[in-house]
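Colleague: Return a 3D structure for these sequence lines:
(chains A and B)
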Amino acid sequence: ILNVEQSPQSLHVQEGDSTNFTCSFPSSNFYALHWYRWETAKSPEALFVMTLNGDEKKKGRISATLNTKEGYSYLYIKGSQPEDSATYLCAPRYSGAGSYQLTFGKGTKLSVIP
Amino acid sequence: GAGVSQTPSNKVTEKGKYVELRCDPISGHTALYWYRQSLGQGPEFLIYFQGTGAADDSGLPNDRFFAVRPEGSVSTLKIQRTERGDSAVYLCASSFTGGTGELFFGEGSRLTVL
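Modeller: This next block holds a predicted model:
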């Protein structure tokens, strides 16, 4: 069983604050890392799919970095807004048998206070 | 519709009953996945279809769970003799291929077994 850890489990920030959270995962046979945002009563929405060590991706105020050698990824949100309130999930994918499976962490629940 | 559609959105049933959950993927997506999110956990892989066949059903917890995709489009997840531990959000996702691309999720079916 793969151990995918996300921290913190939850956090509350004020509107306008910048924040970041961590996803750590086993690095052996790593293939890709997915980040999803899941708002209450909606479907999980893909943010990024990252594959290369040192990769950095950006989407508006949200960005992510990836370290495949040590097995971690950071997600950053600049100038948090109430609409950023959601659970952020990371899920690595590995090569070999079962390479299409995503193994999700438990998520980081972000609440942005207006 | 444009997205992945899941029905019902909510299902309350009694222990021991039979339940069917339906997923209508994005048109043209050959790969279809079922995941389950139990309280306090990240989504957990159940089964993956490539076309009509179940390419990997290793995530199904026991033989009470079964899924079909007879025409390579709509899929039905079937749960026999439901137990309270089956209570969870059942998520369906689809993608263009079974490779490493982004998954598109539905809003999920919340199952509550009393």
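Colleague: where are the low-confidence patches of chain B?
Modeller: Within chain B, the segments meeting pLDDT under 70 span B:1, B:98-100.
Colleague: Could you tell me which residues of it lie near chain A?
Modeller: With the criterion set to CB under 8 Å from any CB of the partner chain, chain B comes near chain A through B:3-4, B:31, B:33, B:35, B:40-45, B:48, B:55-56, B:58-59, B:91, B:98-108. The way it works is simple: take the backbone N, C-alpha and C, and place the C-beta from them, glycine included.
Colleague: Filter the residues you listed down to the buried ones.
Modeller: By neighbour count, with 16 or more other CB atoms under 10 Å in any protein chain shown, the residues of chain B next to chain A hold B:4, B:31, B:33, B:35, B:42-45, B:48, B:56, B:59, B:91, B:98, B:101-108 as buried.
Colleague: Among these, name the ones in strands.
Modeller: Mapping these onto strands (DSSP state E) picks out B:31, B:33, B:35, B:44-45, B:48, B:56, B:91, B:104-105.
Colleague: Might one say that B:R22 is in contact with B:T76?
Modeller: Yes - here B:R22 reaches B:T76: they are 5.4 Å apart, a contact under CB atoms under 8 Å.
Colleague: What is the burial count for A:Y94?
Modeller: Neighbour count for A:Y94, taken as other CB atoms under 10 Å in any protein chain shown: 19.
Colleague: dump the residue contacts of the spatially most central residue of chain B.
Modeller: Nearest to the mean C-alpha position of chain B, by CA atoms, centre = their mean, lies B:W34 at 3.4 Å. Taking CB atoms under 8 Å, 6 or more residues apart in numbering or on different chains, we find B:W34 in contact with B:23, B:46-48, B:59, B:67, B:75, B:77, B:90-92.
Colleague: Name the nearest residue to B:C23, ignoring sequence neighbours.
Modeller: Distance criterion CB to CB, 6 or more residues apart in numbering or on different chains; nearest residue to B:C23, sequence neighbours excluded, is B:C92 at 3.4 Å.
Colleague: Roughly how far does the one you found sit from A:R37?
Modeller: As judged by CB to CB, to the nearest Å, B:C92 and A:R37 stand 18 Å apart.
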